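only geometry, no sequence info:
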């Protein structure tokens, strides 16, 4: 009896301990945080709910779970089409074959809280550029930034727009920038496909001049006295020190884009405005404040007025723009073009791209491939058989007439730039700061040419307590030994060293 009593109390003790333990874990307080509440799930490693991956590539999703109190941040991942995009338990995506799939991220604590992204296996964006990298606006004015996305057949060409300071200027989802108050801000266009490609434009806003010799400009009177602006002729005026308001009118002979060049005697832009015949102000389709080039889309038969302030001699010219075709000949190389039906790359000897007159050639041109490492692309020339030193400055060239450009290939040489006790940038792969940058150049090309990493000449190395002075051929060189990259050609494997002062 005594032994049975001891066993009974021992059994009760064990059961009591077990119940206490169960009370701690059964409701999910330890595993799923019963006292807390999950309110949202989000992917933080993508700018939008879209992602484009190339076949065979991977991408790691980073998620953020929000809530109140103590809650579990655990999530599950599921692919709607694992044969196209597979996803691991830790959120690693792997592109299997071309196609589309939806990835659903679900909170384990609250299955109603989900986040879905659309993944396309195809062509990611490789390059994103804007039609201008800097712009000046007066308060209340606006301009539309245009993007160029490469490759032309990228699976997702959408971009996301943002302003670094919305108090200075805002930007719409279509790239329309509106000046709010004086100051400077950066407008950024970011590829929505998750490639990370982006481009920016620095916008400076100044106060709009509303007065013309002591009073507001009377547009009706100004336009009534406007002078005719004929096509393809340069008109000049004297201007005056009181910032004379000058106006011209143009009756559009055809529907299309018209280019206006309006500059003062120093070549500075006159910042013209354009109105229709009902005195409604129009937005410029494109504008370049550094060159005074403005493009507007006009309708045949309608009359338009252009006016600006002129405090000194000026000139203005207008022409109707036409489409021209520029053919890029790969010259023993090829342009790779992915064929979705064949799921293979087709090699093209040449591509012809339509431009509007005045468009910069670099906006659409892609570099060809050679097929092996014996030659590197040096640039474009206007005749076959050209050397690297004969390459044209395509980055600053505009399309004016039908033209064929030929790829120039050259032997590769390696040019090393050593920071010489300084650093270039932080290398995430090595976990250290980069002290040497090696660039493979085409033999015979100038070191200052836009190939292939011109950013080095703008983002120079840094060194604590010193100022970067330039490059020299030896590590102990002084400022008197600095070389001029504009006059130096890549004709051999060589190393240059940073000079500090």
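Okay, I see it. The structure displayed is predicted, hence computed values, not measured ones. Numbers count the residues shown, from 1 in each chain.

and the residue nearest in space to the middle of the chain, how close does it get to residue 255?
Note on the chain: the residue nearest the mean C-alpha position is residue 199, at 2.2 Å, using Cα atoms, centre = their mean. Counting by Cβ to Cβ, to the nearest Å, the gap between residue 199 and residue 255 amounts to 30 Å. For every residue, glycine as well, the C-beta is placed using N, CA and C.

repeat for residue 381
In terms of Cβ to Cβ, residue 381 sits 36 Å off from residue 255.

who has more neighbours, these two?
Between residue 381 and residue 255, residue 381 has the larger neighbour count (other Cβ atoms under 10 Å), namely 21 against 12.

wait, doesn't that one sit right on residue 392?
Yes. At 6.1 Å, residue 381 and residue 392 qualify as touching, with contact defined as Cβ atoms under 8 Å.

for the nearest residue to residue 417 once chain neighbours are set aside, what is the enclosing helix or strand?
Excluding its sequence neighbours, the residue lying closest to residue 417 (Cβ to Cβ, 6 or more residues apart in numbering) is residue 437, at 4.8 Å. Element membership of residue 437 [criterion: DSSP states H and E] is strand 436-442.

helices or strands up against that strand?
strand 376-381, strand 403-410, strand 412-418 (3 or more Cβ pairs under 8 Å, 6 or more residues apart in numbering; DSSP states H and E).

repeat that with 10 Å
strand 376-381, strand 403-410, strand 412-418, strand 494-500 (3 or more Cβ pairs under 10 Å, 6 or more residues apart in numbering; DSSP states H and E).

and what about the residue nearest to residue 134 when sequence neighbours are not counted, helix, strand or coil?
Closest residue to residue 134 apart from its sequence neighbours, by Cβ to Cβ, 6+ apart: residue 202 at 4.7 Å. Following DSSP: H, G, I helix; E, B strand; the rest coil, we place residue 202 in the strand state.

pLDDT wise, what is residue 202 at?
Confidence at residue 202, expressed as pLDDT, is 92.

tell me which residues touch it, please.
Contact analysis of residue 202 by Cβ atoms under 10 Å, 6 or more residues apart in numbering lists 132, 133, 134, 135, 136, 164, 184, 185, 186, 187.

ok, now which ones touch the last one?
Residue 187 makes contacts with 130, 135, 143, 145, 161-165, 169-171, 175, 177, 199-203, as judged by Cβ under 10 Å, 6+ apart.

if any of those are buried, give me the PyMOL selection for them.
Only the buried entries of those go into this PyMOL selection, using 16 or more other Cβ atoms under 10 Å:
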select buried, resi 130+135+143+145+161+163+165+169+170+171+175+177+199+200+201+203
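
thinking again about what came up before, per-residue confidence at the residue nearest to residue 417?
Residue 437 is given a pLDDT of 86.

show me the contacts for it.
Residue 437 is in contact with 415, 416, 417, 418, 419, 424, 425, 453, 456, 461, counting by Cβ under 10 Å, 6+ apart.

pull the contacting residues for the first one.
It stands for residue 415. 437-441, 445, 447, 488, 490-496.

give me the buried subset of those.
439, 441, 445, 447, 488, 490, 496.

would you agree the second one is in contact with residue 414?
Right, residue 441. Yes. Here residue 441 lies in contact with residue 414, judged by Cβ atoms under 10 Å, at a distance of 7.6 Å.

any common contacting residues for these two?
490, 493, 494.

nearest to residue 89, of those residues?
residue 493 (48.2 Å; Cβ to Cβ).

my guess is that closest one contacts residue 414. True?
Yes. At 4.9 Å, residue 493 counts as touching residue 414 under the criterion of Cβ under 10 Å.

okay, and the common contacts of the two?
Common neighbours of residue 493 and residue 414 (Cβ under 10 Å, 6+ apart) are 438, 440, 441.

in CSV: the shared contacts of residue 441 and residue 414, plus pLDDT.
CSV is the format used below for those (pLDDT from 0 to 100):
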residue, pLDDT
490, 87
493, 93
494, 92
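
now, which of those residues sits nearest residue 244?
Closest to residue 244, out of all of these and judged by Cβ to Cβ, is residue 490, at 51.9 Å.

which residues sit in contact with that closest one?
378, 388, 410, 412-415, 439-447, 449, 451.

apart from its chain neighbours, what residue comes closest to it?
Using Cβ to Cβ, 6+ apart, the closest residue to residue 490 is residue 441 (3.7 Å).

again, but for residue 383
For residue 383, the spatially nearest residue (Cβ to Cβ, 6+ apart) is residue 406, at 6.5 Å.

for residue 407, same thing?
residue 331 is the one closest to residue 407 (Cβ to Cβ, 6+ apart), at 4.3 Å.

ok, the one you found touching residue 410?
No. In this structure, residue 331 is not within contact of residue 410 by Cβ under 10 Å, at 11.6 Å.

overlap in contacts of these two?
The contact sets of residue 331 and residue 410 overlap at residue 377 (Cβ under 10 Å, 6+ apart).

could the buried ones among the contacts of residue 415 go into JSON lines alongside distance to residue 81?
Shown next, in JSON lines, are these (distance: Cβ to Cβ, whole Å):
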{"residue": "439", "distance to residue 81": "42"}
{"residue": "441", "distance to residue 81": "44"}
{"residue": "445", "distance to residue 81": "46"}
{"residue": "447", "distance to residue 81": "49"}
{"residue": "488", "distance to residue 81": "54"}
{"residue": "490", "distance to residue 81": "48"}
{"residue": "496", "distance to residue 81": "51"}
